[in-house]
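Student: Following is a predicted model, sequence given first.
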Amino acid sequence: MSELVSFKCPSCGSPLLYSAEKGRFICEYCGSDFSFEEVKNADVNADTEFDWGDYKENVSQETLEGTVSYVCKSCGAEVVADAVTAASFCPYCGNVIVMEQNVSGLIKPNGIIPFRIDKKKLHEIVENYCKGKKLLPKHFLTAQKIEKVQGLYLPFWLYDCHADGSMGFDATRTRIWSDERNTYTETSHYYVTCEGDMDFKKVPVDGSHRMDDALMDSVEPYDFSDLQEFAKGYLSGFVAERFDEDADSCLGRATARVKSSVASTFYSAVTGYSSVTSSRSHIALQDTNVNYVLLPVYLITAQFDGQTYTYAVNGQTGKIVGDLPSDKGKITKTFLGTALGVAAAVLALLTFVF
């Protein structure tokens, strides 16, 4: 086994925990708190930053000391935490997870966005999300369940690239006028071309095969101005997943997002026409670069009527996404109540008339 190393308090040497509420590192033993700059010299990890090209040449040789791999016996998910984290619950299925016998490392990311949403704020977000949902099953998302939710750092690839291309559009202009006898319609046809180039920075694509891509896209955006230099101390109190989809396999999704954005920009530039239809598109990407980062997410799972519902909360902004179920019993009662109300109103009207 590798020797476990924790992020130490510069004052007393006890393990530090990262506080999402304060945005600082807290020592629960002596009560001190520190900024990242104040404690990063205490980080004994001397690994270099992640580079995809180097990694492909030296597959899995680079590791980050002081991390522990956990595996869920229920769903098989593998997550990574720092040595002091009590990772008691699987963020994917909510079941108890156990530590593997072998300690394995985490490839050092280029950066990390720390959690800014703490458990107290998470309670408020979920409560507001469920508020007013009369058909929501009772006790579906309880405070007790939220308390067990584990904050999770998910692996993301951030792509930079230069895109240039051109698009052709079939467009029409329609003019309508009338005289005393007829109404006339004149349709003029045009072929419009647009050319241009754009630079893209930090296009995110999650590198987790286990995560639903649509869910991860929906939980965006992240404010990347808050991207910090990685230190394993940020993992304190949280867990992190390794990427299991590499930068090459995720490039297709990034390319599709970039091309869609370029096409949308070209399309919005074609104005003053009655109709516009794309007929030709050629968009190419150049100078592609990629960085590996960890982004904060709370995953909430709940069971109802034999189905698992998963919700994602952006750990930086608090944005929550996911579909809420409806209690069939409540739907029936609501329908019957409405039907009886309508019947009573009709009966009263008939009584009044006759």
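Tutor: That came through, no problem.
Student: these two touch, right, Leu295 and Leu154?
Tutor: Yes - with contacts defined as Cβ atoms under 8 Å, Leu295 counts as touching Leu154 at a distance of 5.7 Å. The way it works is simple: take the backbone N, C-alpha and C, and place the C-beta from them, glycine included.
Student: who's more crowded, the two?
Tutor: Each of Leu295 and Leu154 has its neighbours counted (other Cβ atoms under 10 Å); Leu295 has more, 27 against 24.
Student: how about the host helix or strand of that one: buried residues?
Tutor: Using DSSP states H and E, Leu295 falls within strand 275-304. Neighbour counts using 16 or more other Cβ atoms under 10 Å place 276, 283, 285, 288, 290-302 of strand 275-304 among the buried residues.
Student: so how far is Ser274 from Ile176?
Tutor: Distance from Ile176 to Ser274, counting by Cβ to Cβ, to the nearest Å: 10 Å.
Student: can you pull out the strands in the stretch 101-250 of the chain?
Tutor: 111-112, 151-178, 183-206, 239-240 (DSSP state E, counting those that start in this stretch).
Student: okay, those strands, which one's buried deepest?
Tutor: By mean neighbour count, with neighbours taken as mean count of other Cβ atoms under 10 Å, strand 239-240 ranks first of the strands of the stretch 101-250 of the chain at a mean of 24.
Student: Show the pLDDT at Met211.
Tutor: Per-residue pLDDT puts Met211 at 86.
Student: any idea how far Gly322 is from it?
Tutor: 13 Å.
Student: if you count what's nearby, which of these two comes out ahead?
Tutor: Neighbours per residue, other Cβ under 10 Å: of Met211 and Gly322, the larger number sits with Met211, 22 against 19.
Student: What's the end-to-end length of stretch 26-34?
Tutor: End-to-end distance of stretch 26-34 (Cα to Cα, to the nearest Å): 7 Å.
Student: Sorry, wrong one. I was asking about stretch 126-134.
Tutor: OK, stretch 126-134 end separation, Cα to Cα: 15 Å.
Student: Is it correct that Ile26 falls within a strand?
Tutor: Yes - membership of Ile26 in a strand is supported by DSSP: H, G, I helix; E, B strand; the rest coil.
Student: Can you give me the neighbour number for it?
Tutor: Neighbour count for Ile26, taken as other Cβ under 10 Å: 18.
Student: isn't it right next to Asp33, touching?
Tutor: Yes - judged on Cβ under 8 Å, Ile26 makes contact with Asp33 at a distance of 5.0 Å.
Student: Give me the common contacts of those two.
Tutor: With contacts defined as Cβ atoms under 8 Å, 6 or more residues apart in numbering, the residues shared by Ile26 and Asp33 are Ser19.
Student: quick one: pLDDT of the residue nearest to Asn289 when sequence neighbours are not counted?
Tutor: The shortest distance from Asn289 to any non-neighbouring residue, by Cβ to Cβ, 6 or more residues apart in numbering, is to Asp160 (4.5 Å). In this prediction, Asp160 carries a pLDDT score of 95.
Student: Likewise for the one 10 residues further on?
Tutor: Asp170 is assigned 97 on the pLDDT scale.
Student: For it, which residues are in contact?
Tutor: Going by Cβ under 8 Å, 6+ apart, Asp170 touches His189, Tyr190, Tyr191, Val276, Thr277, Ser279.
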